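1. Dropping a prediction and its sequence here:
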Amino acid sequence: MDENLISKKDLLTLTGISYGQLYRWKRKNIIPEEWFIKKSSFTGQETYFPKDKILERISKIKDMKDDRSLDELADMFSPVPTEVSLTKEELIEKGILSQRAMDIYEELYGKLESFNFDTILNPYILQSVLLSGDVTFDEGKNLLKILSGYNDINKLNGYNIILIRKFGIGVWLVANLNGEFKVDEESRIILNSSLMTFIEALKIKLERV
Amino acid sequence: MELRDYSIDGIGKMSGGVYRNVDIDGMGKVEGDLQAESVEVDGKATFLGSVKSGDLEIDGMATFNEHVEAKDVSIDGMGKFGRGLNFNELEVDGSLSGEGDFIGKELEIDGMFKVNGKVSVEKLEVDGFIKVNGDIEADEISGDGMFKVDGLMNGENIDLEIGRSSRIKEIGGNSIRIRCTNDATGSGFMEAIESITGIFSSASKGSCNSEVIEGDFIELEDVVADVVRGNTVLLIGDCSIRRVEYRDGLNMEENVKIKEEVKI
């Protein structure tokens, strides 16, 4: 559970944001409530944040805040899916999914008339991990299978997908881990990404459609 | 389909349903979910199911067991909400008590508002008594009255005159200005104690107690707090703060008591 934390004071100094901004983003749920971790210290009660998550989130907010309203940002970081309905051809044409990712998806699940956010998400994740070059074709298929077992995208908030490989055999974990974990010496953690990063990335992609 | 009106004048009950205007003047019970363009309670009413209405006016006494959603809500009598309320505008001149989240655009409290849950609005104006056992979030928070907040009051601009023995556990935002209403007459008893100890000095004038106050611009008058953190901090009157952390500037009057001040 000893996650790397950063105090509010250090966070403000490091990122150059103000109290007003931080409280505003909290109010708009752009920074989730559960990231505010209260601890008492000799200087009085202090708030801490999961360091990597908050720094990544703040740098994204800073990048995007000039072009988007706070409400749009809130939508983007919310696990609630964007409303969308696109055909297979549209998805490929607009560069959201590749023909390859679509083929694998259809091979496993058949053809779909139209895709909504949830149905785009799984092949989108597949495509992203395959493009990373670290994941084999078969491993990709297995990921798709495990992800398809989840119907409700909201429940995946806070989850990571993790690929561990030992002697050439890959094993996927979809897990809600709030801390560090270890694997044995001969195993390698090939990939460890939060599902929210895929959801956010897909939302940004869809927005440009 | 043309919607019908429904009214209970004596003692009666209805099963719920979809109506245009629902009036309860006597004593009524609504046993199922109700949807209406307007609901008015002048007598005493209990709603066992959920309520969804355009207008909701309570001049008498109403109890809601399930969630309520209404555009314009006005409470001159007494409203009790068991599972939260979503609204556009809510005006409380009488008293509102409840459990759950109270979420809407504008909330004006001239009477009493006691909630076990969270309050999230765009604009909050208080001229009465507010007790919230959770967080309050609003872009604009203003008014004067008595505050008891067990969570965080989070606002863009917070401008309050606060009555005797108010307590807001945490306050955070952009601009925060809090003055304790100065009960100028002050009882002789309290003044005597004040002259001996000094401890009660702010309590005698009505004090606002906080654990943490954080903001970009902070102005406090007669406020008692454990920690104040801000860019610019101005302390007036009989403030008593254990620790002040500031970035750009700290200004204070001579009566202000601070144990530690730290420039960050």
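-> Noted; the coordinates are in hand.

2. distance of the residue nearest to B:Asp5 when sequence neighbours are not counted from B:Ser53?
-> Closest residue to B:Asp5 apart from its sequence neighbours, by CB to CB, 6 or more residues apart in numbering or on different chains: B:Asn21 at 4.6 Å. C-betas here are computed from N, CA, C, even on glycine. Applying CB to CB, to the nearest Å, the value for B:Asn21 to B:Ser53 is 10 Å.

3. B:Gly16 too?
-> If you go by CB to CB, the gap between B:Gly16 and B:Ser53 works out to 12 Å.

4. Find the residues that touch each one of the two.
-> Here B:Gly16 and B:Ser53 have B:Leu34 as joint contacts, going by CB atoms under 8 Å, 6 or more residues apart in numbering or on different chains.

5. Not counting sequence-adjacent ones, nearest residue to B:Lys71?
-> B:Asn88 (4.4 Å).

6. what's the burial count for the one you found?
-> 13 (other CB atoms under 10 Å in any protein chain shown).

7. tell me the contacts of it?
-> When contacts are counted by CB under 8 Å, 6+ apart, B:Asn88 touches B:Ala70, B:Lys71, B:Asp72, B:Gly104, B:Lys105, B:Glu106.

8. try it again with 10 Å
-> B:Gly54, B:Glu69, B:Ala70, B:Lys71, B:Asp72, B:Val73, B:Gly104, B:Lys105, B:Glu106 (CB atoms under 10 Å, 6 or more residues apart in numbering or on different chains).

9. Tell me, what's the model's pLDDT at residue 161?
-> Just so you know, I chose chain A. Looking at A:Ile161, its pLDDT reads 92.

10. Can you look at chain B instead?
-> In the predicted model, B:Glu161 carries a pLDDT score of 92.

11. likewise A:Ile104?
-> The predicted local confidence for A:Ile104 is 88.

12. Enumerate every residue touching the residue in chain A positioned nearest to chain B.
-> Closest contact between chain A and chain B, by CB to the nearest CB, is at A:Gly20 (3.0 Å). If you count contacts by CB under 10 Å, 6+ apart, A:Gly20 has them with B:155-157, B:172-176, B:214-217, B:230-231.

13. run the last query once more with 8 Å
-> Contact analysis of A:Gly20 by CB under 8 Å, 6+ apart lists B:Glu156, B:Gly173, B:Asn174, B:Ser175, B:Gly215, B:Asp216.

14. Around chain B, pick out the residues from chain A.
-> A:8-9, A:13, A:18-20, A:22-24, A:26-27, A:43-45 (CB under 8 Å from any CB of the partner chain).

15. Sheet-wise, list the partners of the host helix or strand of B:Ile258 with their directions.
-> Assigning secondary structure by DSSP states H and E places B:Ile258 in strand B:257-263. Strand B:257-263 has the following sheet partners, assigned by DSSP bridges: strand B:240-252 (parallel).

16. May I have the partner strand as CSV, with CA atoms only?
-> The C-alpha atoms that make up strand B:240-252 are tabulated as CSV, following Å, rounded to 0.1, in the frame of the first residue of the first chain:
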residue,chain,number,x,y,z
SER,B,240,-6.4,33.3,16.4
ILE,B,241,-4.5,31.0,14.1
ARG,B,242,-2.0,28.3,15.1
ARG,B,243,-0.1,28.2,11.8
VAL,B,244,-0.1,30.5,8.8
GLU,B,245,1.6,29.5,5.6
TYR,B,246,1.7,32.0,2.8
ARG,B,247,3.4,32.5,-0.5
ASP,B,248,3.2,36.2,-1.5
GLY,B,249,2.1,38.2,1.5
LEU,B,250,0.8,38.2,5.1
ASN,B,251,-0.8,41.2,6.6
MET,B,252,-2.4,41.4,10.0
